[in-house]
Each structure stands twice: as C-alpha cells, then as structure tokens.
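Need the 3D shape of this:
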Amino acid sequence: MWVTKPRNRELTTEQKEQNKAFSARRFFVEHRIRTVKIFRVAQERFRLNPQKYEQVILTICGIVRLRIGALILALGKAGK
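Sure, this is the predicted structure:
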C-alpha cells in the first residue's frame with residue numbers, strides 16, 4: 001500500500017522503497033488496462049446482449065495476454 005508523507009517529516013528509506021515497489025506494480029496494471037481499452041469494449045457503452053459482456057471481455061483479455069506474451073496454458077493429461 002502507498003505510504004504518505006507525515007507532516008513536517010520525511011519518509012524513511014524503507015517507506016520510500018515500499019512506494020517504489022507499489023508504483024512499479026501500479027504502472028504495470030495501468031498499462032494493461034490501457035491495452036484492454038484499445039479494443040474500446042471496456043471504455044464505451046456495450047451495445048450487444050448484456051449476457052455476452054463477460055464472454056467478450058474475457059476474450060479481449062485473452063487476446064491482450066497473448067499479445068504481451070503472458071498466455072500460459074496448463075497442460076492436462078492429453079498434453080503430457
């Protein structure tokens with residue numbers, strides 16, 4: 001969690017490192033959100049059947065994961 005600076009004092013070195021680590025995670029997440037919004041389904045009004053929204057969003061997230069190389073498929077018994 002983000003550590004705020006106390007009034008009239010400085011952050012400790014440990015608190016500064018926590019903020020850097022939090023910022024790095026936040027940076028990654030915000031870039032993934034931007035990548036999903038490129039498809040415009042997540043940022044505009046969804047005009048299809050509302051029951052299909054989850055399926056569409058999960059498909060887009062799968063495309064984004066494939067695009068960034070983070071798609072890891074679990075191998076079942078057939079894949080061994």
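
residues in contact with the nearest residue to Asn19 once chain neighbours are set aside?
Closest residue in space to Asn19, ignoring its immediate chain neighbours: Val3 at 5.6 Å, by C-beta to C-beta, 6 or more residues apart in numbering. Backbone N, C-alpha and C define where each C-beta goes, glycine included. Val3 sits next to 11, 15, 18-19 when contact means C-beta atoms under 8 Å, 6 or more residues apart in numbering.

Would you reformat those as TSV and include secondary structure?
Below are the contacts of Val3 laid out as TSV (DSSP: H, G, I helix; E, B strand; the rest coil):
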residue	secondary structure
Leu11	coil
Gln15	helix
Gln18	helix
Asn19	helix
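
want to try a markdown table for those, with pLDDT as columns?
Shown next, in a markdown table, are these (pLDDT from 0 to 100):
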| residue | pLDDT |
| --- | --- |
| Leu11 | 83 |
| Gln15 | 86 |
| Gln18 | 87 |
| Asn19 | 85 |
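
what stretches of the chain score poorly on pLDDT?
1-2, 42-43, 70-80 (pLDDT under 70).

one more time with 90
Applying pLDDT under 90 to the chain flags residues 1-13, 15-80.
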